[in-house]
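J.: Structure for the following, please:
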Amino acid sequence: MELKTGLLIWWILMMSQEMTCRPTNRCLDRINYTKPKIEHLLKKFLSEKENDVKPWPNPISELHLKNLSREEKMQKAQCGLHFMHEALQLIHQHLSDLHDSTNPILEEIEHNVKALFLTKHCVAEVNCTRIPEPDFPFKDTYRRKQWARTVLQTSVEFLGDMVNGFLDSTKRPLLKHA
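T.: Modelled structure (predicted):
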């Protein structure tokens with residue numbers, strides 16, 4: 001192989017590796033699109049006479065990215081979007097037991113489940129070895145509403161942390177190259 005050919009191949013490999021390590025506009029746009037949708041859902045949830053519901057006393061640890069190492073943040077972010085998607089589906093199920101199927105909050109949750117499905121596919125899954133499943137065995141309506149409120153509030157913070165705090169282009173980001 002000629003030296004020029006070898007250098008060209010080396011350069012192409014280096015450039016393709018660098019490109020896969022940068023956040024793509026598409027994925028950042030998806031996260032930026034999803035966050036206000038979840039914020040809107042939270043506002044709608046709170047306006048549905050759920051405002052008097054206090055947050056769940058236990059934190060949703062699957063959706064916290066603060067005070068973690070870079071590697072821990074990567075794994076949490078990857079698994080967290082999956083958890084958030086599953087949690088929204090569970091919230092929909094819980095609220096379906098309480099509300100008529102035509103209730104706007106149920107439609108809003110369905111739209112957010114679809115948006116999250118697309119968003120979670122922008123994040124690489126290689127470091128997520130065990131995707132956490134939301135498990136909420138309580139039948140008590142108030143506890144279900146508490147948990148739903150806390151999941152929604154924590155999801156907004158989680159998405160903000162993904163965009164604002166730790167997806168800068170100087171470090172290896174979490175997002176796949178599109």
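J.: tally of neighbours for Gln75?
T.: Residues within reach of Gln75, counting by other CB atoms under 10 Å, total 17. C-beta: built from backbone N, CA, C; applies to glycine.
J.: Likewise for Phe117?
T.: 14.
J.: mind checking how far it is from Ala87?
T.: Applying CB to CB, to the nearest Å, the value for Phe117 to Ala87 is 13 Å.
J.: now swap in Pro55 and tell me
T.: To Ala87, Pro55 is 14 Å away according to CB to CB.
J.: more crowded one of these two?
T.: Ala87 (28 against 15).
J.: Which helix or which strand is home to the more buried one?
T.: In the assignment (DSSP states H and E), Ala87 maps to helix 70-98.
J.: Helix or strand next in line after that helix, which one?
T.: Per DSSP H and E, the helix or strand that comes after helix 70-98 is helix 104-120.
J.: Return the distance of the next helix or strand after that next one from the chain's centre.
T.: Where DSSP H and E defines the elements, the next helix or strand beyond helix 104-120 is helix 141-160. Chain-centre distance of helix 141-160: 13 Å, with CA atoms, centre = their mean, to the nearest Å.
J.: Also stretch 43-57?
T.: The chain centroid and the centroid of stretch 43-57 are separated by 21 Å under CA atoms, centre = their mean.
J.: What lies in contact with that stretch?
T.: The contact list for stretch 43-57, computed with CB atoms under 8 Å, 6 or more residues apart in numbering, reads 103-105, 108, 142-143, 145-153.
J.: Repeat that for stretch 104-116.
T.: 33-34, 37-38, 40-41, 44-45, 48, 81, 84-85, 88-89, 91-92, 95-96, 99.
J.: Filter the residues you listed down to the buried ones and hand me the PyMOL line.
T.: In PyMOL syntax, the buried subset of the contacts of stretch 104-116 is picked out as below (16 or more other CB atoms under 10 Å):
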select buried, resi 34+37+38+41+44+45+48+81+84+85+88+89+91+92+95
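J.: and the angle from the helix holding Ala87 to helix 141-160?
T.: Here helix 70-98 runs at an angle of 140 degrees relative to helix 141-160 (axes from the mean of the first three to the mean of the last three CA atoms, to 10 degrees).
J.: before we move on, which element is the nearest residue to Cys122 once chain neighbours are set aside in?
T.: Spatial nearest neighbour of Cys122, chain neighbours left out: Cys27 (3.4 Å); criterion: CB to CB, 6 or more residues apart in numbering. Taking DSSP H and E as the definition, one finds Cys27 inside helix 25-45.
J.: Would you point out which residue is most central in this structure?
T.: Closest to where the C-alpha atoms of the chain average out (CA atoms, centre = their mean) is Leu81, at 3.0 Å.
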